[in-house]
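> Provide a 3D model corresponding to the input given below.
(one chain, ligands or ions: 2)
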Amino acid sequence: MKITIFGSGYVGLVTGACFADVGNEVLCVDTDEKKIDRLKEGEIPIYEPGLQELVTDNSRKGRLRFTSDSAEGVAFGLFQFIAVGTPPGEDGSADLRHVLAVADTIGQKMDDYKIIVDKSTVPVGTAELVSKRLLSALGERGLSIDYDVVSNPEFLKEGDAIADFMKPDRVVVGVDNPRTKELLRTLYAPFNRSHDRFIAMDIRSAELTKYAANAMLATKISFMNEIANIAERVGADVEAIRLGIGSDSRIGFSFIYPGLGYGGSCFPKDVQALERTSHQHGYDARILQAVEAVNYEQKFSIVKKIKQHFKNELSGKTIALWGLAFKPNTDDMREAPSRRVLEELLSSEAKVRAYDPVAMGEARSIYGKREGLALVETSESALRGADALVIVTEWMVFRSPDFEMIKQELSTPIIFDGRNIYDPDLMEQLGFIYYSIGRMPKGIEVYEAIG
Ligand SMILES: NC(=O)c1ccc[n+]([C@@H]2O[C@H](COP(=O)([O-])OP(=O)(O)OC[C@H]3O[C@@H](n4cnc5c(N)ncnc54)[C@H](O)[C@@H]3O)[C@@H](O)[C@H]2O)c1
Ligand SMILES: O=c1ccn([C@@H]2O[C@H](COP(=O)(O)OP(=O)(O)O[C@H]3O[C@H](CO)[C@@H](O)[C@H](O)[C@H]3O)[C@@H](O)[C@H]2O)c(=O)[nH]1
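Ligands and ions are numbered 1, 2, ... in the order given. Sure, this is the predicted structure:
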């Protein structure tokens with residue numbers, strides 16, 4: 001089948017490469033000409049495991065192409081996927097300008113029947129807005145051409161994006177035309193082989209399903225962070241609690257890792273946008289507000305411990321920071337907890353030496369030359385002359401480091417672990433002062449309430 005995809009970011013590029021890989025002809029369109037030039041040269045602008053190989057292979061076979069010419073894009077595919085960004089607007093609601101710009105473009109250029117598939121995360125009612133924009137653009141051209149607008153939210157995770165797309169838990173499709181539903185079922189059939197994962201529903205429900213999924217996952221994380229905050233105040237261990245509740249199959253082990261709060265380009269903006277939608281419809285979404293509030297505070301939790309340890313005297317101290325990406329296996333730093341941690345440390349006049357296995361380029365483009373901040377090339381050099389190490393992102397390579405080397409490099413052996421990746425008993429044996437999330441530091445019976 002012929003597929004056009006507007007937007008060549010995390011979602012558009014992965015979607016394009018995966019559809020091409022199962023034999024479709026795919027044309028990816030992006031308004032960012034530099035990005036398209038790089039993609040044409042075989043350069044992938046983002047770090048996503050496996051994507052380089054998939055894009056290179058399918059480009060070589062001629063099934064995956066790139067253009068910044070939107071007219072070419074509209075003419076090409078029966079399916080016109082919209083996979084552009086929907087960032088938060090000033091009041092937190094989703095900014096639809098890119099989605100509607102694509103709708104305008106399609107309406108201005110289409111000459112035959114198209115299926116417009118919205119893969120961007122958008123508030124309920126957006127498909128109707130897209131449809132109105134198409135009608136109005138066609139009206140201006142004095143044309144009446146048939147089309148369908150479908151909602152097909154994407155559930156992939158960065159870092160696992162290809163596996164998530166190729167073997168999805170489900171494919172949600174909001175569609176009101178039975179024939180179009182069957183075409184989409186056929187399009188997704190290669191990813192739907194072991195059992196039926198194709199879930200068709202009305203368009204509004206599909207749009208809301210996406211927000212409900214992200215809000216539920218974010219709720220699990222904030223809930224667990226709240227339990228962690230209670231645990232450390234009453235002298236309990238959140239890691240034991242995690243095992244104790246995760247083993248209940250009704251709760252499950254996934255998305256109950258406490259830490260420094262959720263970040264990334266999705267949970268923060270989507271919880272906020274759902275809360276705004278709800279507000280606009282006269283309903284006060286109190287759970288969502290609490291999820292956000294807990295998450296906001298959680299990003300400060302490790303800095304509060306650092307400040308408490310150093311008795312609020314961070315001036316003249318140097319902190320080594322491991323992990324800048326919002327989670328492992330990505331270079332994405334959008335809403336990354338590391339940014340909050342960095343800002344707090346720098347504004348407390350600490351010096352920071354930061355390292356990440358893949359996000360150094362991204363960090364340089366965000367911070368440039370920032371006073372007090374050194375972006376360094378190895379995890380070892382981050383430690384040099386530092387007074388403490390902070391773990392912000394749980395990259396595999398940080399899980400079993402050379403602790404003797406860490407001790408030698410740090411002026412005092414202190415680790416603040418924002419992801420609970422080390423064993424407190426081992427840390428004690430090795431002679432570290434060790435702080436983590438939701439567990440008391442060894443030797444302290446009940447943690448003093450922090451801040
Ligand atoms: N990143 C994720 O893990 C993820 C997962 C599921 C859903 N989503 C949702 O998918 C959407 C896209 O997210 P993303 O992370 O891929 O965004 P992104 O910012 O990585 O990429 C968006 C791309 O769209 C391009 N673009 C903007 N306007 C355009 C236009 N008019 N025509 C063509 N291209 C245009 C931009 O240049 C950019 O390259 C968002 O709604 C997001 O919430 C993201
Ligand atoms: O137990 C956990 C699990 C995750 N996180 C944090 O939650 C954030 C989001 O993680 P993750 O969900 O793995 O990454 P995303 O790539 O943002 O993916 C989410 O957002 C996407 C965009 O909407 C959805 O498509 C995915 O299904 C959804 O998992 C990260 O900061 C993680 O560190 C925790 O703190 N504890």
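
> From now on I want contacts and neighbour counts done on CA atoms only, so please keep to that.
OK.

> for ligand 2, what are the nearby residues on this structure?
Contacts of the chain with ligand 2, taken as C-alpha under 6 Å from any ligand atom, map to 154-158, 221, 254-259, 261-267, 326-327.

> Need the buried ones from those residues selected in PyMOL.
A single PyMOL command selects the buried members of the residues of the chain next to ligand 2 (16 or more other C-alpha atoms under 10 Å):
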select buried, resi 154+155+156+158+221+255+256+257+258+259+261+262+263+264+265+266+267+326+327
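
> Spit out the contact partners of residue 333.
Neighbouring residues of residue 333 by C-alpha atoms under 8 Å, 6 or more residues apart in numbering: 264, 324-326, 339, 359, 362-363.

> Let me know the closest of those residues to ligand 1.
Taking C-alpha to the nearest ligand atom as the measure, ligand 1 lies nearest residue 264 of the contacts of residue 333, at 7.9 Å.

> separation between the closest one and residue 218?
Distance, residue 264 to residue 218, using C-alpha to C-alpha, to the nearest Å: 11 Å.

> that older thread, any chance of CSV for the contacts of residue 333, columns pLDDT and distance to residue 439?
CSV is the format used below for the contacts of residue 333 (pLDDT from 0 to 100; distance: C-alpha to C-alpha, whole Å):
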residue, pLDDT, distance to residue 439
264, 97, 25
324, 98, 23
325, 98, 24
326, 98, 22
339, 98, 24
359, 97, 29
362, 97, 32
363, 98, 30
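
> Now do the strands in the stretch 151-300 of the chain.
Along the stretch 151-300 of the chain, the segments classed as strands by DSSP state E, counting those that start in this stretch run 171-174, 198-201.

> From the chain's centre, how far out is the first one? Work that out for me.
Put plainly, it is strand 171-174. Computed by C-alpha atoms, centre = their mean, to the nearest Å, the chain-centroid distance of strand 171-174 equals 20 Å.

> Mind checking what secondary structure the residue located most distally from the centre of the chain has?
The centre of the chain is farthest from one residue, residue 142, which by C-alpha atoms, centre = their mean lies 41.9 Å away. With DSSP: H, G, I helix; E, B strand; the rest coil as the basis, residue 142 sits in coil.

> Could I get the phi/psi values of it?
Here the main-chain torsion angles of residue 142 (degrees, to the nearest 10) amount to phi 70, psi 30.

> near ligand 1, which residues of the stretch 1-150 of the chain show up?
So far as C-alpha under 6 Å from any ligand atom goes, the stretch 1-150 of the chain lies against ligand 1 at 6-12, 29-32, 83-86, 98, 101-102, 120-121.

> Show me just the buried residues among these.
Neighbour counting by 16+ other C-alpha under 10 Å classes 6-12, 29-30, 83-86, 98, 102, 120-121 among those as buried.

> So residue 384 versus ligand 2, what's the distance?
27 Å (C-alpha to the nearest ligand atom, to the nearest Å).

> Can you name the residues that contact that residue?
409-410.

> Just the pLDDT at it, thanks.
What the model reports as pLDDT for residue 384 is 94.

> Equivalent analysis for the one 10 residues further on, please.
We note a pLDDT of 98 for residue 394 in this prediction.

> Helix, strand, or coil at it?
Using three-state DSSP, the structure places residue 394 in coil.

> Around it, how many other residues sit close by?
Neighbourhood size, residue 394 [other C-alpha atoms under 10 Å]: 22.

> from memory it sits against residue 327, does it?
Yes. Between residue 394 and residue 327 a contact is recorded at 7.0 Å, counting by C-alpha atoms under 8 Å.

> what's downstream of whichever strand or helix holds residue 72, the next helix or strand?
Per DSSP states H and E, residue 72 falls inside helix 70-76. Using DSSP H and E, the next helix or strand after helix 70-76 towards the C-terminus is strand 79-82.

> what packs against that following strand?
Packing partners of strand 79-82 (3 or more C-alpha pairs under 8 Å, 6 or more residues apart in numbering; DSSP states H and E): strand 2-6, strand 114-118.

> With respect to burial, which of those strands scores highest?
Looking across these with neighbours counted as mean count of other C-alpha atoms under 10 Å, the highest average goes to strand 2-6: a mean of 25.

> Now do that one: which elements does it pack against?
helix 10-21, strand 25-29, helix 70-76, strand 79-82.

> Which of those sits closest to residue 430?
Between residue 430 and the helices and strands packed on strand 2-6, the shortest separation by C-alpha to C-alpha is 41.2 Å, and it involves helix 10-21.

> Tell me which residues are up against the closest one.
The contact list for helix 10-21 (C-alpha under 8 Å, 6+ apart) reads 5-7, 25-28, 46, 51, 54-55, 58, 63-64, 82-84, 154, 156, 158, 161-162, 165-166.

> Give me the pLDDT for the residue of the stretch 201-350 of the chain at minimum distance from ligand 1.
Closest residue of the stretch 201-350 of the chain to ligand 1, C-alpha to the nearest ligand atom: residue 266 (5.4 Å). Note on residue 266: pLDDT of 97.
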